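**Student:** Build the 3D model from these lines:
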Amino acid sequence: MTRLNKTAPAVELTNDGTDTLRYSEHGTPSPLIRWHIHDDHELHLITATTGKFFVGDAIRNFEPGHLILTGPRLPHNWITDPDQPPVPLRDQLIHFNAARITDCLGAFPELSELGPLWEKAKYGIEFQGRDLDRSRRDFDRLRNSRGLERLLLFLDLLHELNHWPHFRLLSTVQINEFINEAAQRKINTVIDYVFEHYATPINLGDVARLVGMSENYFSSFFRKTTGNRFVEFLNRVRISRACTLLAETDRQITTICYDVGFNNVANFNRRFHDLKGVTPSEYRHQTVDR
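**Tutor:** Residues are numbered from 1 along each chain as shown. Predicted coordinates for the structure are as follows:
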């Protein structure tokens with residue numbers, strides 16, 4: 001993640017307009033690894049290393065085989081753990097403009113079947129249980145093909161993912177893709193600030209001043225743009241991080257409560273149950289049983 005003095009995510013231009021999709025890949029370290037947004041959909045495969053990824057307000061861990069689809073202007077980043085060695089290939093990516101596909105509905109109405117996939121991608125979709133070798137083969141075939149062959153291979157992959165039974169939606173923030181760039185920068189500044197400081201007390205007035213707004217105006221602006229009240233967003237970020245710690249560490253629940261920014265265990269338990277439908281202890285038992 002970037003530091004506060006560089007909070008706005010980089011804006012990428014991912015498609016030159018000559019193809020329906022664009023394939024790219026890179027290793028780590030790489031200047032392409034940064035908090036960023038773009039106007040296209042992105043299908044992202046991790047082939048090596050472990051670390052943390054950030055999609056909207058979601059904070060989770062990744063490992064090889066991790067496969068995610070993000071929608072337009074949904075901020076994201078993948079950061080490898082610092083103890084991992086450099087690798088020549090960590091990320092295989094496909095960027096595409098779904099509007100080009102939906103524009104063909106008149107001629108090919110069957111493409112409407114992909115509508116649910118586009119809707120879920122607004123939140124980010126993590127496809128679970130898909131074998132790394134299988135995903136690598138799909139991405140390698142797309143890398144090595146061109147023209148109509150590449151398009152048909154890609155549509156076949158989209159069809160499979162649209163019906164993949166094991167997935168989870170990641171972000172509770174669904175950025176309004178029609179907001180102007182100035183508003184987008186303000187929202188992303190706030191999101192990045194929360195990611196950097198969720199473990200410490202965060203004051204609504206301080207966040208509002210960060211983007212040059214009064215508290216009342218900021219509250220209305222944030223809810224209109226993301227569909228969430230700011231305090232709901234903050235709680236979701238903290239609970240998202242708590243879920244990771246519950247599943248992947250043996251820290252005591254009280255310790256996790258304070259580690260993710262809550263200053264009251266009863267409030268932590270209540271907010272956790274509101275969002276997850278179970279207590280932190282029950283959530284931990286569920287993850288152990290999987």
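**Student:** what about the closest residue in space to Pro88 that isn't next to it in sequence, which SS state?
**Tutor:** Sequence neighbours aside, Gly27 is the residue nearest to Pro88 in space, at 4.3 Å (criterion: Cβ to Cβ, 6 or more residues apart in numbering). (C-beta placed from N, C-alpha, C; glycine too.) Under DSSP: H, G, I helix; E, B strand; the rest coil, Gly27 falls in the strand class.
**Student:** contacting residues for Gly27?
**Tutor:** Residues in contact with Gly27, defined by Cβ atoms under 8 Å, 6 or more residues apart in numbering, are Pro86, Val87, Pro88, Leu89, Arg90, Asp91.
**Student:** quick one: which of these sit in strands?
**Tutor:** Members of the contacts of Gly27 lying in strands (criterion: DSSP state E): Val87, Pro88, Leu89, Arg90, Asp91.
**Student:** What pLDDT is listed against the fourth one?
**Tutor:** Yep, that's Arg90 we're talking about. Arg90 is assigned 97 on the pLDDT scale.
**Student:** Assess the claim that it and His44 are in contact.
**Tutor:** No - here Arg90 does not reach His44: they are 10.5 Å apart, not a contact under Cβ atoms under 8 Å.
**Student:** ok, which stretches of this structure are helices?
**Tutor:** Counting by DSSP state H, residue ranges of the helices within the chain are 98-102, 115-121, 132-144, 147-162, 181-197, 204-210, 215-226, 230-248, 253-259, 265-276, 280-289.
**Student:** Which elements pack onto the longest one?
**Tutor:** Contacts of helix 230-248 with other secondary structure elements, assessed using 3 or more Cβ pairs under 8 Å, 6 or more residues apart in numbering; DSSP states H and E, are made with strand 58-62, helix 181-197, helix 204-210, helix 215-226, helix 253-259, helix 265-276, helix 280-289.
**Student:** Show residues contacting stretch 88-108.
**Tutor:** Residues outside stretch 88-108 that contact it (Cβ under 8 Å, 6+ apart) are 14-15, 20-28, 30, 32, 38-49, 78, 80, 111-112, 114-115, 118, 121, 136, 139, 142-143, 154.
**Student:** gap between the two ends of that stretch?
**Tutor:** When the termini of stretch 88-108 are compared using Cα to Cα, to the nearest Å, they are 40 Å apart.
**Student:** from the chain's centre, how far out does that stretch sit?
**Tutor:** With Cα atoms, centre = their mean, to the nearest Å as the basis, stretch 88-108 stands 18 Å off its chain's centre.
**Student:** Enumerate the positions of it that are buried.
**Tutor:** Arg90, Asp91, Gln92, Leu93, Ile94, His95, Phe96, Asn97, Ala98, Ile101 (16 or more other Cβ atoms under 10 Å).
**Student:** How about stretch 30-39?
**Tutor:** Buried residues in stretch 30-39, defined by neighbour count with 16+ other Cβ under 10 Å: Leu32, Ile33, Trp35, His36, Ile37, His38, Asp39.
**Student:** can you name the two of those residues that are farthest apart?
**Tutor:** With distances taken as Cβ to Cβ, the most widely separated pair in the buried residues of stretch 30-39 is Ile33 and Asp39, at 19.8 Å.
**Student:** Show me which pair in the buried residues of stretch 88-108 is furthest apart.
**Tutor:** Of all pairs drawn from these, the one with the longest distance (Cβ to Cβ) is Arg90 and Ile101, at 27.8 Å.
**Student:** What lies in contact with stretch 216-228?
**Tutor:** For stretch 216-228, with Cβ under 8 Å, 6+ apart as the criterion, the contacting residues are 172-176, 179, 183, 186-187, 190, 204, 207-208, 211, 213, 229-230, 233, 236.
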